[in-house]
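In: Here's a sequence, model it:
(2 chains)
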Protein chains: 2
Amino acid sequence: MPETVKTVLAESQLPRHWYNINADLPEPLAPVLNPQTHEPVTPDDLAPIFPRAVIEQEMSTEREIGIPGPVRDAYRQWRPTPLYRARRLEHALQTPARIYYKYEGVSPAGSHKPNTAIPQAFYNHAEGVRRITTETGAGQWGSSLALAGAMFELEIAVYMVRVSYEQKPYRRAFMESFGAHCIASPSDTTAAGRAVLAEHPDSTGSLGIAISEAVELAAEREDTKYALGSVLNHVLLHQTVAGLEAQVQLEMVDDYPDMVIGCTGGGSNFAGLAFPFLGEQLRGGRKVDFVAVEPAACPTLTRGRFAYDWGDTGHLTPLTKMHTLGSGFVPPGFHAGGLRYHGMAPQVSHLTALGYIRPRAYGQLECFAAGLEFARAEGIIPAPEANHAVKATIDEAIRCREAGESKALLFNLCGHGHFDMQAYTDYLAGRLSDEHTSDAEQAMALSGLPQV
Amino acid sequence: MPETVKTVLAESQLPRHWYNINADLPEPLAPVLNPQTHEPVTPDDLAPIFPRAVIEQEMSTEREIGIPGPVRDAYRQWRPTPLYRARRLEHALQTPARIYYKYEGVSPAGSHKPNTAIPQAFYNHAEGVRRITTETGAGQWGSSLALAGAMFELEIAVYMVRVSYEQKPYRRAFMESFGAHCIASPSDTTAAGRAVLAEHPDSTGSLGIAISEAVELAAEREDTKYALGSVLNHVLLHQTVAGLEAQVQLEMVDDYPDMVIGCTGGGSNFAGLAFPFLGEQLRGGRKVDFVAVEPAACPTLTRGRFAYDWGDTGHLTPLTKMHTLGSGFVPPGFHAGGLRYHGMAPQVSHLTALGYIRPRAYGQLECFAAGLEFARAEGIIPAPEANHAVKATIDEAIRCREAGESKALLFNLCGHGHFDMQAYTDYLAGRLSDEHTSDAEQAMALSGLPQV
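Out: Coordinates of the predicted model:
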């Protein structure tokens, strides 16, 4: 059996800043628009729902943004995270490729999400906020914000899509264990929720409705703000701590990636690993093949349109230019719950449109098969989301074997699958299938884009 | 918020040997007896079910036993594990005590169990064994052996108590994800299983029956051996890697424990942390207060008898002198599934009888409350087993506050609770209660001890 090769950083090597790719974009991002006026949004437009420090980060073009001391202190509970060389997987695949993975599942919530939950909680706490609202579908994000809230003495109210609330009681128990308040959405606690319930008393909810409820509560209360777990610039910024660590770790083993691979739902996991390397390339450094992997059942980058769209189904959010399947798009019920968003982070979309990122889509069955192959070789059961990156990595490693090429592949193992064993149970029992949306359904959802 | 204080060892500081407390016992252990002859067992008696290297370790009195290279290589996937100073918990308790915890939940199986699963798999593989059988109740041990089997190319057959097999599908999926074969016990694959089914076709099984099935299969096949996850000397030996690391880590922060606390089921988790410190004391070093914490519902050390007994309900195993509630003892259905064993490791029993270890018992409700207090302060949801150690630690920290004493407390956070969220869900919903066994039931179970 090949030996374990793990590269560990000392605590003193935990990054002191995040990396902001807005400083190095070859063309600036299209502005975010006010949904009423279609004028670019101002910091004041966002002030009711986000703390000022977060709004500044959202709009900043500074390359390096300092990580506050208390955030680094909280990060240090599990950071720096290890970088593994997947020697046992390489051996199993008989590939000459050098496979590396950055393992973010060592966080207390089991995924990369606390990388942004903690600074968001910190900034809210520092500005005197008492309560944060958010929405959660699968529960990864809500769990991470619950953890961060416990650390910074904030009340956390999580609107959890009702069908998940009922089907995922363990995720709910996880959030409640940290003292968070979980509300099944639609609920009678907001006008948005009551409106839905009046029309559909048996509504099982949607992420769009949950966002509307969380934003409504934050907007109407002085001491309450809202937090989002992906898509926005400041979230991607916070996630770059992973890529910055990986750069140092690869330098320690004297290697550099030829390909960087990450799964994409809202885009923050992929960006967190890829952007520090992509920034180097944009500043004249070495060219890397950046591969964003998404589910074929929610193919935002591979089959969506790059256009202005709303971030939510309720059309309360600003308009952002991004790859989108249309805010009315409802993906089939596949198991990577973290990859079901209709849109994509504007930064990831922009860089994909400019040709710097190569998107790829896979069906869930081939992803679960790849995840199990990885688990048996490397000892870690990946989250279903992460299986998409695993699949793309294994495919490339096999291609390397066939072509006799020795490339360095780096991917982000963004979480473990401990809370996803129902999906593995279903897969092992042969109860899963590949579900796709028809071209007609996709065209229908895209027909609802705003006229900008 | 107090900052995180985590002490991390370099990979080069991973111990090169395990510590064997048999070398330092003030009086030797009572011999293990053949159940038929009542003569001390010989290595040959054990050869049909254990590999030779394991039998040697079981009987060794060498102080240091080298950890083989391939085992260290596999350990390095998650070892050395971090030692945390629980600064946020100390702050919440307003205690002058210095609380440290060794976190074993970072292993891929989420507990300390792979510390012994991996060497056991290695030794079997090295001696040409193709298949290992074992039993599992709650599933922690079966998961760890499944992982180790995938690493060392061994088939793993896990007899899983039928009620757990049906109620814990996620643990089963975890084992199957690593390629292990799970069999609901009683099964028709063994004579022992068929005998039970003939009499009780609807039997929900027991750990005792599952042990009988696993041992039977191992004994009758040349290429198949058996593995146990606690109780035996070699298992406790392998677990000392945790305590040896903790010694170095505490030296790095210039501290030494006044009290070492661990939960006890079969005893290996407690011994793994405590024995290296206890060994120092036995060799003339500093005196430490060793506290073994068990559930009030299965009070082996606090209310059992120190006597010869069988290890299983089927009376197939050798007789060992240990604290026991009687091999017919059936604990009530409390939630720390890893602490339900009727007996106790002979080494832990012996040292308790000699006065070196102080046992203590707690009810499950106070343990869950302590676990949630810990989670909200430290960000990690403990396994229900670990909550027993957390409870004893918090009690002592409060006592220190009241007495104005600044003690160093060290406990073993032996696993996370990701697969135990049903227990937390039940606790949060107020559906749990403290269950005890009556004195009469306990006396009845003890009346079945063998006449030695």
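
In: Can you get me a residue count around the spatially closest residue to residue A:363 that is not a sequence neighbour?
Out: Once flanking residues are discounted, residue A:363 sits nearest to residue A:434: 3.9 Å by C-beta to C-beta, 6 or more residues apart in numbering or on different chains. For every residue, glycine as well, the C-beta is placed using N, CA and C. By other C-beta atoms under 10 Å in any protein chain shown, the residues close to residue A:434 number 15.

In: tell me the SS of residue A:434?
Out: Each residue gets one of three states, and residue A:434 gets coil by DSSP: H, G, I helix; E, B strand; the rest coil.

In: how far away is it from residue A:336?
Out: Separation of residue A:434 from residue A:336 (C-beta to C-beta, to the nearest Å) stands at 12 Å.

In: if I look at the two, which residues touch both of them?
Out: Counting by C-beta atoms under 8 Å, 6 or more residues apart in numbering or on different chains, the contacts common to residue A:434 and residue A:336 are residue A:364.

In: Do you have the strands of the stretch 351-452 of chain A handy? List them.
Out: With DSSP state E, counting those that start in this stretch, the ranges of strands along the stretch 351-452 of chain A come out as A:357-362, A:408-413.

In: Ramachandran angles for residue A:181?
Out: When quoted as degrees, to the nearest 10, the phi and psi of residue A:181 stand at phi -110, psi 120.

In: who's in contact with it?
Out: Counting by C-beta under 8 Å, 6+ apart, residue A:181 touches A:155-158.

In: ditto for residue A:52
Out: By C-beta under 8 Å, 6+ apart, the contact list for residue A:52 reads A:43, A:127.

In: State the pLDDT value of it.
Out: Here the pLDDT value assigned to residue A:52 is 97.

In: For chain B, see how far away it is.
Out: 21 Å (C-beta to the nearest C-beta, to the nearest Å).

In: Kindly report the same for residue A:259.
Out: Counting by C-beta to the nearest C-beta, the gap from residue A:259 to chain B is 24 Å.

In: that older thread, just confirm the residue nearest to residue A:363 contacts residue A:296, I think it does.
Out: Yes. Under the criterion of C-beta atoms under 8 Å, residue A:434 makes contact with residue A:296 at 7.0 Å.

In: just to revisit the earlier point, any idea which of the strands of the stretch 351-452 of chain A gets closest to chain B?
Out: Among the strands of the stretch 351-452 of chain A, strand A:408-413 comes nearest to chain B, with 11.8 Å by C-beta to the nearest C-beta.

In: Residues of the stretch 151-300 of chain A that sit close to chain B?
Out: Within the stretch 151-300 of chain A, the positions near chain B by C-beta under 8 Å from any C-beta of the partner chain are A:151-153, A:169-170, A:172-174, A:176-179.

In: still on that earlier bit, any residues in contact with both of residue A:434 and residue A:296?
Out: Residues within reach of residue A:434 and of residue A:296 at once, by C-beta under 8 Å, 6+ apart, are A:363-364.

In: Quick one: the strands in the stretch 151-300 of chain A, in order.
Out: Counting by DSSP E, counting those that start in this stretch, the strands of the stretch 151-300 of chain A are A:155-161, A:181-185, A:224-226, A:259-263, A:289-295.

In: Give the other helices and strands that the fourth one contacts.
Out: This means strand A:259-263. Packing partners of strand A:259-263 (3 or more C-beta pairs under 8 Å, 6 or more residues apart in numbering or on different chains; DSSP states H and E): helix A:268-282, strand A:289-295, helix A:384-403, strand A:408-413.

In: Could you pull out the buried residues of stretch A:9-23?
Out: By neighbour count with 16 or more other C-beta atoms under 10 Å in any protein chain shown, stretch A:9-23 contains the buried residues A:9, A:14-15, A:18-22.
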